[in-house]
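Enquirer: when you get a sec, could you give me coordinates for this:
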Amino acid sequence: MSERVERYREELRELKSWEPYLHKHSGLPGPRANLELVAAVAEEADADRLWRLSASGDEFLALCGTAGLGRIALMEPETVMTWLHELASDPRWRVREGVALALQRFGREHMDRLLAEMRSWANETPFVQRAAAAALCEPDLLRRPEDTVEVLMILDHITKSMGAATSRKDEGFQALRKALGYCWSVAAAASPSNARPYIEKWLQSTDKDIARVMKSNLGKARMAGFDGDADTPARRAPGSRKAQPGGVKSRSAAGGRARRSTS
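Expert: Below is the predicted model of the structure:
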C-alpha cells in the first residue's frame, strides 16, 4: 500500500470516533473522493464499524464502509453479498463504486466464488449488472486466462440483455452503458484472442447503444494494438494510422459507417 494509505491507517488507530476525521479528509465536496482514505478504512476498521458506515446517510462514510465490506465478505460471504447486492442500486454513485471495490477485494482472494456470484448478478437489473461488470473488469483480477474467459461470457450476456432493454433513459441503464464503455477493453487487453470473436460480433450490432459501447472501447489506449491472434496486444508506433490487426476496426478507421447486421 502507498505511504499515504499507511499514514491514514496509523492516524485512524489513534481515534475513538472516526466520523469527524473522515469528513475532514474526504476530499468532498470536490471532483474526487479521497480513495486512499477509503482504502485505509477498508483495511483498518473492524466489522461492526464497516457495517455501520455502509448504512450511513452520508455518501463518503457509506462509500468507506461499503468498500471495506469486501474484506468482511471473506468471512461472511452470504450476508455481505446480500447487502452489497442491495447497495448496488443505491442512488448515490459513490456508494455504487464502493460495491465494485468491495467485490474486487473479495475477488483477489476468491475469484472463483466472485465469478459464480457475478454470473447470478448478470441476470439482474441494470444497476446490479453494472456492479458485476465493473467489479470483474479489473486488470488485477484477470491474470488467469480461464478467469478472463468467464468474464467475457458474463459481459456478452450483459451486453445482449442491454440490447433488449426498453427503458433506456433510466439511470440504471445509463450507468450500465457507461461501464460497458470501458469494461470490454479491459477484458480484451487481458486476453485478446478470446475477446476477438465477441468484439467482432458486437461491432456488427445495429443497436445504437451497443454501437456506442463498442466505439468507446475501441477508443481506449489499451486497445490501440488490439490483436485477436495473440494474448499480448501488439504495439503500434505513436501516431500510426494503421488499422487495428485481426480485422477489428472502428467505424472511423474503416472510412465511414461500418456494415452492421443484427446480433
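
Enquirer: could you check how far residue 202 is from residue 213?
Expert: Residue 202 sits 8 Å away from residue 213, taking Cβ to Cβ, to the nearest Å as the criterion. Bear in mind the C-beta positions are built from the backbone N, C-alpha and C, glycine included.

Enquirer: correction: residue 179
Expert: Taken as Cβ to Cβ, the span from residue 179 to residue 213 is 9 Å.

Enquirer: what's the answer for residue 53, then?
Expert: 34 Å.

Enquirer: tally of neighbours for the closest residue to residue 119 other than its chain neighbours?
Expert: Spatial nearest neighbour of residue 119, excluding adjacent residues (Cβ to Cβ, 6 or more residues apart in numbering): residue 154 at 6.2 Å. Here the number of neighbours of residue 154 (other Cβ atoms under 10 Å) works out to 22.

Enquirer: residue 154 against residue 132, yeah?
Expert: Yes - with contacts counted by Cβ atoms under 8 Å, residue 154 reaches residue 132, the gap being 6.6 Å.

Enquirer: shared neighbours of these two, which are they?
Expert: Common neighbours of residue 154 and residue 132 are listed as 118, 122 (criterion: Cβ atoms under 8 Å, 6 or more residues apart in numbering).

Enquirer: where in the stretch 101-250 of the chain is pLDDT low?
Expert: Within the stretch 101-250 of the chain, the ranges that satisfy pLDDT under 70 run 227-250.

Enquirer: in it, which spans are helices?
Expert: 111-121, 126-136, 145-163, 171-190, 192-203, 208-218 (DSSP state H, counting those that start in this stretch).

Enquirer: which strands or helices does the third one pack on?
Expert: Packed against helix 145-163, as judged by 3 or more Cβ pairs under 8 Å, 6 or more residues apart in numbering; DSSP states H and E, are the following elements: helix 111-121, helix 126-136, helix 171-190, helix 192-203, helix 208-218.

Enquirer: for residue 30, which of these is the nearest?
Expert: helix 171-190 (20.8 Å; Cβ to Cβ).

Enquirer: now for the helices and strands packed on helix 145-163, which one comes closest to residue 7?
Expert: helix 126-136 (27.8 Å).

Enquirer: please compute how far that closest one lies from its chain's middle.
Expert: On the basis of Cα atoms, centre = their mean, to the nearest Å, helix 126-136 sits 7 Å off its chain's mean C-alpha point.

Enquirer: now it against helix 145-163, angle please.
Expert: 160 degrees (axes from the mean of the first three to the mean of the last three Cα atoms, to 10 degrees).

Enquirer: and helix 126-136, what other elements does it pack with?
Expert: Helix 126-136 packs on helix 93-107, helix 111-121, helix 145-163, helix 171-190, going by 3+ Cβ pairs under 8 Å, 6+ apart.

Enquirer: so can I have CSV of the ones you listed showing distance to residue 209?
Expert: Formatted as CSV, the helices and strands packed on helix 126-136 follow (distance: least, Cβ to Cβ, whole Å):
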stretch, distance to residue 209
helix 93-107, 19
helix 111-121, 20
helix 145-163, 7
helix 171-190, 6
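
Enquirer: quick check: domain ranges of the protein?
Expert: The chain breaks down by automatic domain parsing into domains covering 1-109, 153-253.

Enquirer: quick one: closest of those to residue 122.
Expert: domain 153-253 (5.0 Å).

Enquirer: buried set for stretch 68-82?
Expert: Applying a neighbour-count criterion of 16 or more other Cβ atoms under 10 Å, one finds 68, 69, 70, 71, 72, 73, 80, 81 buried in stretch 68-82.

Enquirer: could you check the angle the helix or strand the first one falls within makes with helix 111-121?
Expert: This points to residue 68. Element membership of residue 68 [criterion: DSSP states H and E] is helix 59-72. Helix 59-72 and helix 111-121 are oriented at 130 degrees to each other (the same axes, to 10 degrees).

Enquirer: how far away from the center of its chain is helix 59-72?
Expert: 16 Å.

Enquirer: what's it packed up against?
Expert: Counting by 3+ Cβ pairs under 8 Å, 6+ apart, helix 59-72 packs on helix 19-24, helix 35-44, helix 47-54, helix 77-87, helix 93-107.
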